[in-house]
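Mind folding the following:
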Amino acid sequence: MTESTTRRVKSHTIPTAKRPSESSIVVSRLMNPSDANPLGIVHGGEILKMVDEAGGLAAMRHAGSSVVTVRLDSMTFLEPIYVGDLVIVKAMVNWVGRTSIEVGIRVEAQNPITGERTHTNSAYAVYVALDENGHPKPVPGLIVQTEEEKRRWREAEERQKMRLSQRKKKSASDT
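Just a heads-up that it's a prediction; the model follows:
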């Protein structure tokens with residue numbers, strides 16, 4: 001447990017803040033023929049599933065509750081992943097709002113024999129924490145201390161502003 005303080009919200013006691021390292025997670029899986037196309041290249045959907053799983057786990061660890069995915073920012077497939085590669089997905093909380101959490105996710109393919117790693121994808125995903133009734137609930141704050149954590153927070157704030165701006169434009173065009 002950390003030395004985080006606590007606060008009371010709707011009869012729940014939740015930590016006021018956590019460090020990114022407290023909720024970071026690494027998920028890895030060996031890619032098999034059933035994960036790939038006839039050329040032996042892993043399907044993008046398999047990678048997206050792993051990205052969402054790792055991001056969701058990091059968000060759950062931070063929130064201390066269930067979460068739902070509300071957005072997965074664009075993902076470019078930089079390099080292919082092949083059958084026999086070990087896929088390593090690293091996820092860490094970058095930013096938190098009142099009920100939402102942005103998680104940064106990095107995907108690497110590793111040759112399990114040589115240990116050589118290739119960065120294949122990166123993405124940002126946003127999750128909303130849910131209470132026991134399935135309603136959005138407040139999340140703990142995020143303690144950013146290192147220069148890297150501060151940079152990630154600033155960049156995530158900018159992305160969140162863009163997301164909100166896009167949502168407002170969409171709402172205006174729907175009316």
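
Any regions of this structure where pLDDT drops low?
1-15, 171, 175 (pLDDT under 70).

how about the strands in it?
Assigned by DSSP state E, the strands in the chain fall at 6-9, 12-15, 17-18, 25-30, 67-72, 86-96, 100-110, 117-129, 141-142.

May I see those strands organised as a markdown table, with distance to L57 and mean neighbour count added?
C-beta: built from backbone N, CA, C; applies to glycine. What follows is those, written out as a markdown table (distance: least, Cβ to Cβ, whole Å; neighbours: other Cβ atoms under 10 Å):
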| stretch | distance to L57 | mean neighbour count |
| --- | --- | --- |
| strand 6-9 | 23 | 11 |
| strand 12-15 | 18 | 15 |
| strand 17-18 | 14 | 19 |
| strand 25-30 | 5 | 16 |
| strand 67-72 | 9 | 17 |
| strand 86-96 | 7 | 23 |
| strand 100-110 | 9 | 23 |
| strand 117-129 | 10 | 20 |
| strand 141-142 | 16 | 20 |
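
Tabulate those strands (CSV), appending distance to E53.
Below are those laid out as CSV (distance: least, Cβ to Cβ, whole Å):
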stretch, distance to E53
strand 6-9, 28
strand 12-15, 24
strand 17-18, 20
strand 25-30, 6
strand 67-72, 10
strand 86-96, 8
strand 100-110, 10
strand 117-129, 10
strand 141-142, 21
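
what comes up buried for the helix ranked longest in the chain?
Using DSSP state H, we find that the single longest helix of the chain is helix 147-174. For helix 147-174, the neighbour count (16 or more other Cβ atoms under 10 Å) marks E149, R152, W153, A156, R159, Q160, R163 as buried.

Nearest residue to the fifth one in space, please, no chain neighbours.
Computed as Cβ to Cβ, 6 or more residues apart in numbering, the closest residue to R159 that is not its neighbour in sequence is Y124, at 6.2 Å.

Fine by me, we can end here.
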